[in-house]
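In: only geometry, no sequence info:
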């Protein structure tokens with residue numbers, strides 16, 4: 001027997017209540033991100049389609065993801081990506097999730113590198129130890145204020161992290 005149809009707004013409210021009861025911060029934001037991913041919608045579309053019923057398979061997907069979050073698995077691992085430096089990075093349990101502190105680190109690194117590199121036509125040589133998702137390395141590569149010479153960035157990482165970085169580059 002098929003499950004009773006559930007509207008997006010009902011699932012949203014239920015998910016928020018469950019995350020709030022578990023003490024997870026920002027339950028509205030987290031549930032909207034999980035629902036959007038589960039339904040293949042943008043977050044703004046959730047509001048516009050809040051009265052729409054959810055297909056059973058997508059409902060099950062959302063419930064699985066919400067259950068994972070209730071066990072305190074990081075949201076970025078559940079969603080499989082994290083925004084950093086205006087880019088989406090692929091993440092998994094094998095790498096650290098890019099954090100706001102990493103953006104601060106990147107800003108400071110660029111502030112030190114730029115004055116030491118007045119000739120923007122020549123590439124830089126930078127060593128990135130302990131690469132995880134590759135966010136720091138790719139942030140340096142993609143920073144347009146370093147000029148036309150793309151930096152040569154060596155790195156030491158795991159095979160899994162390297163695969164994720166390679167996927168983020170393409």
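Out: Now that the structure is in, tell me what you want to look at. Since this is a predicted model, take the numbers as computed values, not measurements.
In: can you give me the strands in the protein?
Out: Assigned by DSSP state E, the chain shows strands spanning 6-7, 53-54, 81-84, 87-90, 125-131, 152-157.
In: now the second one, how far from the centre of its chain.
Out: So the one you mean is strand 53-54. Its chain's C-alpha centre lies 26 Å from the corresponding centre of strand 53-54 when counted by Cα atoms, centre = their mean, to the nearest Å.
In: now it: average pLDDT?
Out: Mean pLDDT, strand 53-54: 94.
In: still on that earlier bit, the strands of the chain: lowest mean pLDDT?
Out: strand 152-157 (a mean of 50).
In: what's near enough to touch the nearest residue to residue 85 once chain neighbours are set aside?
Out: Leaving out its chain neighbours, the residue that sits closest to residue 85 by Cβ to Cβ, 6 or more residues apart in numbering is residue 139, at 4.4 Å. C-beta here means a position set from N, CA and C on the backbone, and glycine is covered the same way. For residue 139, the contact set (Cβ atoms under 8 Å, 6 or more residues apart in numbering) comprises 84-85, 103, 106.
In: same question for residue 66.
Out: Per Cβ under 8 Å, 6+ apart, neighbours of residue 66: 15, 18-19, 31, 34.
In: go again using 10 Å as the cut-off
Out: Residues in contact with residue 66 (Cβ atoms under 10 Å, 6 or more residues apart in numbering) are 11, 14-15, 18-19, 30-31, 34-35, 38, 78.
In: PyMOL command for the buried members of those?
Out: With 16 or more other Cβ atoms under 10 Å as the burial test, the buried ones among the contacts of residue 66 are selected in PyMOL as follows:
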select buried, resi 11+15+18+19+30+31+34+35+38+78
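In: where does residue 14 land on pLDDT?
Out: So residue 14 comes in at 97 (pLDDT).
In: roughly how far does it sit from residue 96?
Out: Residue 14 is 32 Å from residue 96, where distance means Cβ to Cβ, to the nearest Å.
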